[in-house]
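> let's see this in three dimensions:
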Amino acid sequence: MLRFARRDDRFSFTDALWRSGMADVLTRTVTVFVKGAFLLLTDVRDSQGRGKKKRSTGGVTGVRSEQTVTTTRHSVRETRLKRRAEGAALAVAEHISLLLRCVLPITTWFAYFMGPPISALRVGVVSADMDDLQRLGRCAATGAYLAVKARQLFVTGVGVKESFLTYAKKITDKTGFGAGTTSSTESEIEAASNECTVCCDVFEDPVTLTCGHVFCEKCVWEWFQRSRQCPLCRAVVAGNSCGAIEHGDGATVAFPYVF
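Numbering: from 1, shown residues only. Predicted coordinates for the structure are as follows:
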């Protein structure tokens, strides 16, 4: 059974490693199950939504090809935005898991450092000078450990905060490119010679960034998964909700948090 260690607990270094390691494995396993359940529920919801759309359009015939293309474009954009929102939600779960994995070992190692020394348990009596020296060493080790953990908890807590802010921006961003990005006009397309500089092909659903450069919507979308800068002038043009999401791929950090 896993429980919080108390200061008067008596255990060795290997016992402390075992306790903190098992707590880390349990937290990691729960995180994996939570992510899997979230993805499963999301997939079921999307499948039901697609089924309703098919039933609602099943009896419609003779739809103009232009309307069909427009609907397809909106559907593709909607799918991209959903995937980005899912990635942001997975990142929130992972950052919370990392925060818990940083907190759980503290009580175990605090009890180990501040508990009675192993020599005192075995011999039964220790001289006063040796006891004071060991107590001083335990206090110094505990202080150093807590200082390191305080910094680690601060960094992890900032990561949790940023993941929540990113998720909030993802679910409110309707374009996926941030504010300022618009569909390109005919004059802007002609000025860009009707050729995307990313795929080196004719524009497909061109969009104009805030810096004035024109790209295919698909090309600039894929570019913004890695960077928030314009592919040409390198100016930061994408919103904060764009760019790579830390831990947004659904993977769980395998590195053990045993200290």
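
> element containing S20, please.
S20 is part of helix 13-56, with elements assigned from DSSP states H and E.

> what packs against that helix?
In terms of contacts (3 or more CB pairs under 8 Å, 6 or more residues apart in numbering; DSSP states H and E), helix 13-56 is packed against helix 65-103, helix 105-114. Placement of C-beta: from N, CA and C, glycine included.

> packing partners of the longest one?
Packed against helix 65-103 by the contact rule (3+ CB pairs under 8 Å, 6+ apart) you find helix 13-56, helix 128-172, helix 217-224.

> mind doing that once more with 7 Å?
Contact analysis of helix 65-103 by 3 or more CB pairs under 7 Å, 6 or more residues apart in numbering; DSSP states H and E lists helix 13-56, helix 128-172 as its packing neighbours.

> from L136, how far off is T208?
67 Å (CB to CB, to the nearest Å).

> neighbours around the nearest residue to S183 once chain neighbours are set aside, how many?
Nearest in space to S183, with sequence neighbours left out and distances taken as CB to CB, 6 or more residues apart in numbering, is V207 at 5.9 Å. Look at V207: counted by other CB atoms under 10 Å, it has 21 neighbours.

> same question, V44
Neighbourhood size, V44 [other CB under 10 Å]: 10.

> OK, contacts around P105?
By CB atoms under 7 Å, 6 or more residues apart in numbering, the residues touching P105 are S20, A23, Y257, V258, F259.

> who's more crowded, T208 and L136?
T208 (19 against 10).

> still on that earlier bit, columns mean pLDDT on top of the helices and strands packed on helix 65-103, output as JSON lines?
Shown next, in JSON lines, are those (pLDDT from 0 to 100):
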{"stretch": "helix 13-56", "mean pLDDT": "86"}
{"stretch": "helix 128-172", "mean pLDDT": "85"}
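
> nearest to S193, of those helices?
helix 128-172 (33.8 Å; CB to CB).

> can you get me a residue count around W223?
Look at W223: counted by other CB under 10 Å, it has 19 neighbours.

> scratch that, R19 is what I was asking about
By the criterion of other CB under 10 Å, R19 has 24 neighbours.

> T108 is in contact with that one, correct?
Yes - R19 is in contact with T108 according to CB atoms under 7 Å; the separation is 4.9 Å.

> circling back to that earlier point, include mean pLDDT when you put the helices and strands packed on helix 13-56 into a markdown table, please.
Rendered in a markdown table, the data for the helices and strands packed on helix 13-56 read as follows (pLDDT from 0 to 100):
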| stretch | mean pLDDT |
| --- | --- |
| helix 65-103 | 79 |
| helix 105-114 | 88 |
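
> can you redo those as TSV with distance to E222?
TSV is the format used below for the helices and strands packed on helix 13-56 (distance: least, CB to CB, whole Å):
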stretch	distance to E222
helix 65-103	10
helix 105-114	40
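
> looking at these, which is buried most?
Stretch with highest mean neighbour count among the helices and strands packed on helix 13-56: helix 105-114 (a mean of 20; mean count of other CB atoms under 10 Å).
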